[in-house]
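A.B. asks: heads up, no residue letters with this:
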């Protein structure tokens, strides 16, 4: 009995351990998925992932210059027209500079107007009076010269006096010519080169004003197309940086028609033909399938950016992007939503027999 006791105890312990393991084992009950995976109505298809986007593509609004945001005119979901204000930057320094440039322009215009309107009517009579004065002076000097020259006895006059009278006559004649030339110059009006210089100064001042106005206009960002504001990531008081940002200031696009940007693996890109019909299924709602119509291929094959986490995916995978649009413009989808897309690779003669399609 002593020799049998230990083996019996071992058998009992083993049976107890086996029973406990069986009792505590993990029980996996089969469950049905909450939603059946999407399936295409085409017999031969290429499966891909699509991203809903605006028909104008999603436009990331940036700014031409960096600056402090003082006003935001829109919010997400607003419908805007082309040219409508989106947000504005601080322009106080430029407006002060604009006032200075306008003052310079006004001064240049006044100088040009003064030059073009010369001579003033009041300036003619004094110039004519100076001409008459010079004529009278010349007549007097001529008389004095004739008087001294009329003396027959040269011993009665000095040669010096005779020379002075003749020089006085010549000086009076020169002054008369000067007065007549000044009067003619005054009546001739402004000199053409002077007018051109004054006009050039006005044009330069106007250009300076327009440049400042353009700089002020650049501080207000406007909608490039008519569409919908999809996202607003800027607030009044924030500093807006120029250039491409990881988080765009504003995202907008024309959502009157929605497109789907489909990423087709490069290994299957050769199967997709231009004009091939396709279907899209909403993620999480495989019963919601809609028909797509081909728009175009993106010529450049790009690295894959949308990763699902599947262990077979590689970051260096490249994809051919195909643009489709929804045949129904009133689909209940939103920009940025992912779709499961099935592109038909069947011959055209077999597509007519395919039932289903858009539902």
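C.D. replies: Perfect, thanks for sending it. Keep in mind that what you see is a predicted model, and the values were worked out from it rather than measured.
A.B. asks: State the paired neighbours of the biggest strand by length in the chain in the sheet, together with their directions.
C.D. replies: In the chain, assigned by DSSP state E, the strand with the most residues is strand 285-297. As defined by DSSP bridges, the strand partners of strand 285-297 come to strand 278-282 (antiparallel), strand 318-326 (antiparallel).
A.B. asks: Touching it from outside, list them.
C.D. replies: With Cβ atoms under 8 Å, 6 or more residues apart in numbering as the test, strand 285-297 has contacts from 35-39, 41, 259-260, 274-282, 320-328, 331, 340-341, 357-359. Every residue, glycine included, has its C-beta placed from N, CA and C.
A.B. asks: nearest to residue 204, of the strands paired with strand 285-297?
C.D. replies: Closest to residue 204 of the strands paired with strand 285-297, according to Cβ to Cβ: strand 318-326, at 49.5 Å.
A.B. asks: For the helix or strand immediately after the closest one in the chain, which helices and strands make contact with it?
C.D. replies: Along the chain past strand 318-326, the next helix or strand (assigned with DSSP states H and E) turns out to be strand 338-344. Secondary-structure packing of strand 338-344 (3 or more Cβ pairs under 8 Å, 6 or more residues apart in numbering; DSSP states H and E): strand 45-54, strand 258-265, strand 278-282.
A.B. asks: Let's have these in TSV, adding distance to residue 150 and mean neighbour count.
C.D. replies: Below are the helices and strands packed on strand 338-344 laid out as TSV (distance: least, Cβ to Cβ, whole Å; neighbours: other Cβ atoms under 10 Å):
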stretch	distance to residue 150	mean neighbour count
strand 45-54	108	21
strand 258-265	112	22
strand 278-282	123	23
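A.B. asks: Of those, give the one that comes closest to residue 193.
C.D. replies: Of the helices and strands packed on strand 338-344, nearest to residue 193 by Cβ to Cβ is strand 45-54, at 58.3 Å.
A.B. asks: Skip the chain neighbours and tell me the closest residue to the residue positioned nearest the centre of the chain.
C.D. replies: Taking Cα atoms, centre = their mean, the centroid of the chain lies closest to residue 64, which sits 6.6 Å from it. Leaving aside its chain neighbours, residue 64 sits nearest to residue 218 (4.5 Å; criterion: Cβ to Cβ, 6 or more residues apart in numbering).
A.B. asks: how near is residue 58 to residue 335?
C.D. replies: 7 Å (Cβ to Cβ, to the nearest Å).
A.B. asks: what do you get for residue 82?
C.D. replies: Residue 82 is 18 Å from residue 335, by Cβ to Cβ.
A.B. asks: So for the two, which residue has more residues nearby?
C.D. replies: residue 335 (18 against 11; other Cβ atoms under 10 Å).
A.B. asks: For that one, what are phi and psi?
C.D. replies: phi -60, psi 130 (degrees, to the nearest 10).
A.B. asks: Touching, it and residue 53? I think so.
C.D. replies: Yes. Using Cβ atoms under 8 Å, residue 335 makes contact with residue 53 at a distance of 5.9 Å.
A.B. asks: Mind listing the shared neighbours of the two?
C.D. replies: With Cβ under 8 Å, 6+ apart, residue 335 and residue 53 have common neighbours 253, 258.
A.B. asks: Now do the helix or strand harbouring residue 10: distance to the chain's middle.
C.D. replies: Using DSSP H and E, residue 10 sits within helix 2-23. Centroid separation for helix 2-23 versus its chain: 84 Å, with Cα atoms, centre = their mean, to the nearest Å.
A.B. asks: picking that back up, could I get the helices and strands packed on strand 338-344 in JSON lines, plus columns for mean pLDDT and distance to residue 129?
C.D. replies: Listed next are the helices and strands packed on strand 338-344 as JSON lines, based on pLDDT from 0 to 100; distance: least, Cβ to Cβ, whole Å:
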{"stretch": "strand 45-54", "mean pLDDT": "92", "distance to residue 129": "81"}
{"stretch": "strand 258-265", "mean pLDDT": "93", "distance to residue 129": "86"}
{"stretch": "strand 278-282", "mean pLDDT": "91", "distance to residue 129": "96"}
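A.B. asks: Between the two ends of stretch 240-250, what distance do you get?
C.D. replies: Taking Cα to Cα, to the nearest Å as the measure, stretch 240-250 stretches 11 Å from start to finish.
A.B. asks: mean confidence for it?
C.D. replies: For stretch 240-250, the mean pLDDT works out to 90.
A.B. asks: and if you look at stretch 84-96?
C.D. replies: On average, stretch 84-96 scores 95.
A.B. asks: For that stretch, buried residues please.
C.D. replies: 86, 87, 88, 89, 91, 94 (16 or more other Cβ atoms under 10 Å).
A.B. asks: mind showing which ranges of this protein have poor pLDDT?
C.D. replies: 1-5, 31-35, 154-155, 306-316, 347-359 (pLDDT under 70).
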